[in-house]
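> Pasting the sequence and the predicted model now:
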Amino acid sequence: MAVLLIISYSSVSLVTLSDDSTFVMRSGQVVYPSNIFGLPVLLLGVTLLLQVVIAWSGIRAVKILAWSSSPFDLNAILVFKHN
């Protein structure tokens with residue numbers, strides 16, 4: 001999962017790369033060109049899909065009735081479930 005997070009963060013920064021050149025149109029408008037590269041977008045999509053699959057399988061594997069951050073709620077649920 002950590003490798004997938006690293007790949008997703010690095011591919012986001014590679015999706016749009018712009019060079020330092022600027023173009024001045026005849027109307028005087030300054031244009032900064034940028035490109036969208038397909039391979040980082042594809043890599044980002046695959047890594048996000050794999051992260052969703054891992055998270056979904058983790059949610060499906062754990063049979064907890066509530067996802068509360070309170071330890072009191074979790075203790076009450078676990079005590080109730082085992083009795």
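Ah, there it is.

> Let's check: the centremost residue of this protein is which one?
Against the mean C-alpha coordinate of the chain, by C-alpha atoms, centre = their mean, the closest residue is Leu48 at 5.3 Å.

> So Ser27 belongs to a strand, correct?
No - residue state for Ser27 (DSSP: H, G, I helix; E, B strand; the rest coil) corresponds to coil; a strand is not indicated.

> which non-adjacent residue is nearest the residue nearest to the centre of the chain?
When the adjacent residues along the chain are set aside, Leu48 lies closest to Ser8, with 6.1 Å between them (C-beta to C-beta, 6 or more residues apart in numbering). Yep, even glycine has a C-beta here, placed from its N, CA and C like the rest.

> And that neighbour, how far from Leu49?
When C-beta to C-beta, to the nearest Å is applied, the distance between Ser8 and Leu49 equals 10 Å.

> Run through this structure and note the low-pLDDT ranges.
Applying pLDDT under 70 to the chain picks out residues 18-22, 64-67, 82-83.

> Please identify the helix or strand for Phe72.
Assigned by DSSP states H and E, Phe72 belongs to helix 71-82.

> where do the helices sit along the chain?
In the chain, helices defined by DSSP state H lie at 2-15, 38-61, 71-82, listed in chain order.

> For Val30, find the nearest of the ones you listed.
In this view, the helices of the chain are compared for proximity to Val30 by C-beta to C-beta, and helix 2-15 is the closest at 23.0 Å.

> And the closest one, what's buried?
Neighbour counts over helix 2-15 (16 or more other C-beta atoms under 10 Å) mark Ile7, Ser8, Ser11, Val15 as buried.

> how about a markdown table for those, with distance to Leu78 added?
As requested, the buried residues of helix 2-15 are arranged in a markdown table below (distance: C-beta to C-beta, whole Å):
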| residue | distance to Leu78 |
| --- | --- |
| Ile7 | 36 |
| Ser8 | 34 |
| Ser11 | 40 |
| Val15 | 44 |
